[in-house]
Every structure is written in C-alpha cells, then in structure tokens.
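predicted model follows, preceded by the sequence.
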Amino acid sequence: MSDSGEDAGETGVSKSGSAAFAPFEAWSQWLRDNMGATPATPGSTGEEAVPEGATARATANDPLMSAMGKLSDNPMSNIIPIDWMEISKALQTLHERQMSDPQRTKRVATDYNRRLKEATMKVWSDAASRLSGLPRPEEEEEGKPDKRFSDPEWESNPYYKMLKETYLLTSEYLLKEAEETDDGQDAEEQLRLKFHLKQFVDAMAPVNFFLTNPAAIKRAMETGGTSLADGARNLASDLEEGRLSMVDANAFEVGENLATTPGKVVYRNELIELIQYEPTTERVHEVPLLFLPPWINKYYILDLSEKNSMVKYLVEQGFTVFMTSWKNPDSSMEETKFEDYMTLGPLAAAEVVKDITESEEINPVGYCVGGTLLAITLAWLAAGDDESPFNATTFMVALQDFAEVGDTAVFIDEPQVELMERQMMERGYLGDREMANMFNLLRSNDLIWSNVINNYLLGLKPPAFDMLYWNSDGTRMARDAHSFYIRNTYLENNLIKPGKVEIKGRPIDLGRVTGVVYAVGAEKDHIVPWKSAWKISKLANTTSTHFTLAASGHIAGMISPPEKGKGYWTAEGQYETAEEWREHAEEHEGSWWEDWRGWLEDRSGEKEKPPAMGSENYPPIVDAPGTYSRTGRSGDARGATRQEARQGARGRATAGTPSPPQTSENPPPNARVANFVEPYRRSSQNSSSTRSGD
C-alpha cells in the first residue's frame, strides 16, 4: 500500500479494489498478467448481461474472481481442496462493507501503511546493527511462536524477515477487518466470511511457495536439485491418487503396529463387529465398559499404539472393555437406516456384553457421533419404558445440541446438503474424501499446507505418524442413514426439540435421559466446541453430570495418556451456563483419563474374576482388530459400484468389504441377539422420521 498515488481516490485506496485487496495487489496483478482476461463462468463470453447485485457484478468483471473460478476445475483441487471462488466472494463482501464507510476505510488504510513503514524501518535497522556488530535489544515474541517461520532465515535475513512481517501484518489486518465491519445482521454470512478469509490467509503464507521459502531453496541447493525432482514425483503420485499424502502409509498396518491390544471379535452382524479385550489383571470391575466410537472414522483411534492406547490403559486399570467396530459401507448399504445403527449397534452389542459378563449393567462410552447415537438410544429406551442395560454414561466430545458447531457450519446448509444427497443417490454412499476434505480444511495449516511444503517443496516423504495414518484411513457414509443424521442434527437441530424426531415409532426426548453422566470436551476442538459438549448437562434429566474440559483438540485432547497429559479442568456442582462452569473450574496437571478412571471406579461395582473370552452363545470368531477395521484405504475407498453390489446378496456380502463365510469358526449372528433385535427392526416404511408442524 502507498500513502498516495495516481490510482488512489479520496479514501486512499487503489481504485482497482478496496483496502482489503490492496495488500495482495501484486498477487492479483500476477493472475491478471499470466491468466489473461477470463470469462465470468465456464462457457460464457463475458459479454452476457450481468445479474443485479454487487457480488454477481464482481464475479462477472473481476479477473481475480474469474481466475479463481477456473482454479476449482484444476486437478490440484483434489489435493488442495480450497474453494477459491468462495474466497473471492469473501474478499468482495469485505470490499462492499468497506466501501459503505469510505472515511473509516481511509483511516484503516492509513494505519496499515504506518505500521508497515514502522516494521520496514525496524527490520532494516536491525539488519544494519547486525552487520555493524552493534548490540540489539532482545525481543520476546508474543504468544506461541508460528512454527511456519521456524527456519533461522526468517529472522536473520532482512528480505525474509520483511516478507514475514508484511504477511503477518496483512493477515491480521484482513481478519480484523472481517470482525470490525460486521453489523451483526447475518451470522451465517459472517461465519463464512471469516472462514474463507482465514483459508485465503493460510494459503498465501510465503512459506507455501518455493521462491519465498528459504528452507526449500536451501535444500534444493544442497541436493543439487534432487529435492525438486522428488517433490515433482510426490506431486505426480498424489495427482494420480487424487489426494494429498499426509503420512507414510507403508509404516503402519492395522493389527501389526496399530490396534494391537489383545482381544477377540465375539460377535458380528452386517453393521458391527464387537471386540472383547483380554484382561491383564487378576480381578476386574464387575460392570463392563462398552465403547461406541464414531462411524465416520475407524475405531482404532482408541487403540493406536501401546504408548497412547486408551483401551490398553483401561484394561490395565482392571476394566472389562468391549469395542464396537463399524463396517465401512458401500452402495449395497445405501438403504441402511439410522435406526439400524441403533438396533444393530448399541442394542445388539449390549445383549452380547450382558451374556458374556453376566452383568445386568453396562457403562457405555460414546465418542463424537457415537455419543450422539448413545444419547438417542438412551432417549429411545426411555420412550418405550424399556429396562435399560446402560448405567453410568460417558460422552466424549459429543454433540446433542447442534446450534453451535463452529466452522463445520460453513459446509452444511440446504444447498450443500442437497448436493451431497444427489451425489449419494448416484453412488449409494458419501465418499470418504468428501468428509476428509472438510475436516482437513478446518485445520488447513496443519493438515494441508504443512504437507504441501514437506512433500512438494522439500521433496521429503510424508512422516510416519500413527494419528495421521488413522486420520487418512477414511470411511464412507451410508446414504439413507447419513441423510437422516445430517438433516436432523446439523441442518435442523431437531434432537433438542422433544418429540420432533421419531425412531421406530417412538418420540425422542433427551429430557427423559436419566442417570449419571461424565462428559468431556476439548478446549481447542474445531469440530465439537467445548461449550456445545457441555450442554448435555442441561439437556438430559440426569442426577449428576460431571463435566471435564481437556486441553488440546478433538483428537489429541481425547488421546491423552497420563505421562503425556497436557492438563484439564473440572468443577463440582451444577451450573446454568458453560461460561459459569468455566469461571468455577479448577485446572489440574496430567490427563483427564485419571479423573475419569476414578469416576468410573466408583460406578463399576466390586472387583471379581475376569469373565471368559466370549461365551457359549458367543464364541470368539477372530482375533482383534477383526475384519471391518481393515478395509477402506486407498484402492477400495471408492467402494463397490451399485451394479456390482446388487449382483451379490444385498445387505450382506459387499464387493468392498466381503462378509466372511459362515463356518464353525465364524458362526452366523446368534439367534438370541437376532430375536432381541428383530422386533426393533420391524417397522413401517417411515420408521425413522421427523414430525412436521411441531
């Protein structure tokens, strides 16, 4: 930016755009010079009549936005799933806001110029002092250091130092403007604006480009250009695969160095395998634990490796642990309903657990979407006045009230849900890549740009990191069940409306959920904001809800073994709001696992001899981790085609995940469970529904 110039009007901002565009004018000019005049939309001439509205005019006339529209069709969009058109619209929206108050914009632009000049003078003054050997005052960097600029050149080289300071100042300016120009009239627009501006800011970091990344340039010189060739090969491989490599896939294998806690699959149906883990103590608590992990990921995040396995930790503490391992759907399961996840999931698993352990009570643990399913199951049992097998309930970063879901809301509105449903109608499922792209964009610096730098600019292999391997081992979503779930949660938030959702003829009312609850949220969770996880304490009619706030995020906050715990907060008593709870919360060192273990021990009965592995009714089938957790990576991630699936036994064997033959070593689902589940499965065609007019 400049204080004045021929193109500056009375606002002090270039006529080619607002103050929002000015900091990136050089980048915009590069696009104009190199991509030329482009039509407004594919297939248009650029001469058609422009629809009314400032955003539409910008799309038709601004070369930058036209260029961004073309980038979405580039094969690179499969690797870097940035929505450049939405970013351009966000910049245009900010432009419109700023132009509504030119005098304020002029003041902001002037302040930006002042700060930029001060930063420039300081950088070159420090460089001169360093060359002259003069002492320089020590500076303490505010906040957590930005690891993107960890290379020493970003501090010692004045060119790179100035580049970094300009980028950080401009990024701060753009994001601050998004906040300060908000009139509070459209919360959804503001959420989208902030999200896409943040995506733009992250994408434009100089470290993401070879010519402005000192580490990449240095490595290229040291390797004689070999790193560039390696980076090109990595890019070509990812383009062929259609996804960004985040982890060394050859470094891990489920059952070999992941998910290795000894156990047996003791039950299998068309949707789950139930794993029972072998005891390691002479005596165990009489009340077993039943885990319900999310079906949007594989279960083994809870049993990664020996050093960070929650399953292993609980077994060593004397608990009998059962784990639900969900099947990875393909098109043969397109008509699998949400209610099937309840009847074939927790309800079927509970009968098996009771038979094996001879315990009438089970302590269930619902993680993420599994926690949402658990809450619905508890409400469903209460609606039918059924005797519930579930005792002390744990919700791990689980949503029941979807009013505040953070940046996830950017991806879920009526048009996007309709598009998703059309895609699922064509394929019979939602592909794992769609889900992965959404979650990766929520943490683009860590999950996208850091890998772009490592793989392509530095020419290195992806790291061998167990959590990233699990993160890339995606699953598909069954069409009918996923559509029902998304509409009744994220889109319409019907679960908090008593009786609005009906499942198998029973109205779901979370206020009928009783008992004691342990709920845990994560301080930096980008998927389940901790204040939303806290709301179970107000939604359910529990006698006691013990809420714990873990440090870190959605995954790292939950996978927190005691020796690596980053701290947590607890507060006794009941509170009206999450903010009030936080005011009274006490911080603790270590891991929330230890607090939870104590809570469980008080509610898990006396210790007794461990139950046998399996039972007469449910003999062991195969060793853990079973078969369902081993399918879905790379080549078979697309699943079977609809034609292929319909050639087989529908709903049973699938092309992507074949059901093992039923032999004496692999028995069919036990008749007792079948008899228990079948009445729940018989229903009218509209067994899962949303009541209208309420």
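Looks like it arrived, so ask away.

could I get the full set of strands for the stretch 451-600 of the chain?
Counting by DSSP state E, counting those that start in this stretch, residue ranges of the strands within the stretch 451-600 of the chain are 477-478, 501-503, 506-507, 516-522, 544-550, 568-570, 586-588.

can you check the stretch 201-350 of the chain too?
With DSSP E, counting those that start in this stretch as the criterion, the stretch 201-350 of the chain has strands spanning 263-268, 272-277, 284-285, 289-292, 321-326.

so which of those strands gets nearest residue 226?
Residue 226 lies closest to strand 321-326 among the strands of the stretch 201-350 of the chain, at 42.9 Å (C-beta to C-beta). All C-beta atoms are positioned from the backbone trio N, CA, C, and that covers glycine.

per-domain residue ranges of the protein.
The record's domain split for the chain, according to automatic domain parsing, is 22-136+146-208, 263-405+497-689.

picking up where we left off before, same list, the strands of the stretch 451-600 of the chain, but as TSV with mean pLDDT please.
Listed next are the strands of the stretch 451-600 of the chain as TSV, based on pLDDT from 0 to 100:
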stretch	mean pLDDT
strand 477-478	94
strand 501-503	96
strand 506-507	97
strand 516-522	97
strand 544-550	95
strand 568-570	97
strand 586-588	97
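
so which of those is the most packed in?
Ranked by mean neighbour count under mean count of other C-beta atoms under 10 Å, the strands of the stretch 451-600 of the chain are led by strand 477-478, which reaches a mean of 26.

residue 239 is nearest to which of the domains of the chain?
Nearest to residue 239, of all the domains of the chain, is domain 22-136+146-208, at 5.6 Å by C-beta to C-beta.

so for the closest one, mean pLDDT?
Average pLDDT, domain 22-136+146-208: 77.

next one: stretch 214-224
The average pLDDT within stretch 214-224 is 97.

same deal with stretch 393-412?
Stretch 393-412 carries an average pLDDT of 95.

switch the strands of the stretch 201-350 of the chain over to TSV; also include distance to residue 601 and mean neighbour count.
Formatted as TSV, those follow (distance: least, C-beta to C-beta, whole Å; neighbours: other C-beta atoms under 10 Å):
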stretch	distance to residue 601	mean neighbour count
strand 263-268	22	25
strand 272-277	18	26
strand 284-285	7	23
strand 289-292	12	25
strand 321-326	14	27
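
put together JSON lines for those, with distance to residue 369 and mean pLDDT on each row.
Putting the strands of the stretch 201-350 of the chain into JSON lines (distance: least, C-beta to C-beta, whole Å; pLDDT from 0 to 100) gives the following:
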{"stretch": "strand 263-268", "distance to residue 369": "21", "mean pLDDT": "98"}
{"stretch": "strand 272-277", "distance to residue 369": "14", "mean pLDDT": "98"}
{"stretch": "strand 284-285", "distance to residue 369": "27", "mean pLDDT": "98"}
{"stretch": "strand 289-292", "distance to residue 369": "9", "mean pLDDT": "98"}
{"stretch": "strand 321-326", "distance to residue 369": "10", "mean pLDDT": "98"}
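
for the ones you listed, which one sits closest to residue 503?
Judged by C-beta to C-beta, the one of the strands of the stretch 201-350 of the chain that comes nearest to residue 503 is strand 289-292, at 16.0 Å.

next one: that closest one to chain centre, how far?
Here strand 289-292 shows a centroid-to-chain-centroid distance of 21 Å under the convention C-alpha atoms, centre = their mean, to the nearest Å.

list the contacts of that strand.
When contacts are defined by C-beta atoms under 8 Å, 6 or more residues apart in numbering, strand 289-292 is touched by residues 299, 302, 311, 314, 319-324, 345-346, 349-350, 353, 362-367, 370-371, 373-374, 600, 604.

filter those to the buried ones?
The neighbour-count test (16 or more other C-beta atoms under 10 Å) applied to these identifies 299, 302, 311, 314, 319-324, 345-346, 349-350, 353, 362-367, 370-371, 373-374, 600, 604 as buried.

now intersect the residues you listed with the helices, please.
Residues from the buried ones among the contacts of strand 289-292 lying in helices, with DSSP state H as the criterion: 311, 314, 349-350, 353, 370-371, 373-374, 600.

kindly state which of the domains of the chain is positioned closest to residue 247.
It is, among those and with distance given as C-beta to C-beta, domain 263-405+497-689, at 11.1 Å.

for residue 95, see how far away the nearest residue to residue 532 once chain neighbours are set aside is.
Counting by C-beta to C-beta, 6 or more residues apart in numbering, residue 532 lies nearest to residue 404, which is 5.1 Å off, once chain neighbours are set aside. For residue 404, the distance to residue 95 equals 29 Å [C-beta to C-beta, to the nearest Å].

ok, the two, which is more surrounded?
Regarding residue 404 and residue 95, a neighbour count based on other C-beta atoms under 10 Å identifies residue 95 as having more, with 21 against 14.

ok, the residue nearest to residue 532 - contacts?
With C-beta under 8 Å, 6+ apart as the criterion, the residues that contact residue 404 are 529, 531-532.

in CSV: those, plus pLDDT.
Supplementary listing: these in CSV, determined by pLDDT from 0 to 100:
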residue, pLDDT
529, 96
531, 97
532, 97
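
okay if I get those residues as TSV plus neighbour count?
Conversion of these to TSV gives the following (neighbours: other C-beta atoms under 10 Å):
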residue	neighbour count
529	23
531	18
532	22
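
from these, which land in helices?
In this view, those that belong to helices under DSSP H are 531-532.

could I get the contacts of residue 404 as CSV with distance to residue 269?
Compiled in CSV, the contacts of residue 404 are given as follows (distance: C-beta to C-beta, whole Å):
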residue, distance to residue 269
529, 34
531, 37
532, 32
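
which of the contacts of residue 404 lies closest to residue 277?
For the contacts of residue 404, the residue nearest residue 277 by C-beta to C-beta is residue 532; the value is 30.9 Å.

would you agree the closest one is in contact with residue 397?
No. When contacts are counted by C-beta atoms under 8 Å, residue 532 is not listed as touching residue 397 (9.4 Å).

which ones are touching the residue nearest the centre of the chain?
Ranked by distance to the mean C-alpha position of the chain (C-alpha atoms, centre = their mean), the top residue is residue 439 at 3.7 Å. In this structure, residue 439 makes contact with 447, 471, 527, judged by C-beta under 8 Å, 6+ apart.

output the helix or strand hosting it as PDB, nothing but the C-alphas.
Using DSSP states H and E, residue 439 falls within helix 432-442. Taking Å, rounded to 0.1, in the frame of the first residue of the first chain, the C-alpha atoms of helix 432-442 are listed here in PDB:
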ATOM      1  CA  ASP A 432     -14.600 -40.800   2.400                       C
ATOM      2  CA  ARG A 433     -12.700 -38.000   0.500                       C
ATOM      3  CA  GLU A 434     -15.600 -35.600   0.900                       C
ATOM      4  CA  MET A 435     -15.500 -36.000   4.700                       C
ATOM      5  CA  ALA A 436     -11.700 -35.800   4.800                       C
ATOM      6  CA  ASN A 437     -11.600 -32.600   2.800                       C
ATOM      7  CA  MET A 438     -14.000 -30.900   5.200                       C
ATOM      8  CA  PHE A 439     -12.000 -31.900   8.300                       C
ATOM      9  CA  ASN A 440      -8.700 -31.000   6.600                       C
ATOM     10  CA  LEU A 441      -9.900 -27.500   5.800                       C
ATOM     11  CA  LEU A 442     -10.800 -27.000   9.400                       C
END
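
for the stretch 51-200 of the chain, which segments count as helices?
Here the stretch 51-200 of the chain has its helices, by DSSP state H, counting those that start in this stretch, at 54-61, 63-71, 84-99, 102-132, 153-156, 158-180, 187-203.

I'd like these as a markdown table, with distance to residue 339 appended.
What follows is those, written out as a markdown table (distance: least, C-beta to C-beta, whole Å):
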| stretch | distance to residue 339 |
| --- | --- |
| helix 54-61 | 42 |
| helix 63-71 | 42 |
| helix 84-99 | 35 |
| helix 102-132 | 54 |
| helix 153-156 | 55 |
| helix 158-180 | 42 |
| helix 187-203 | 31 |
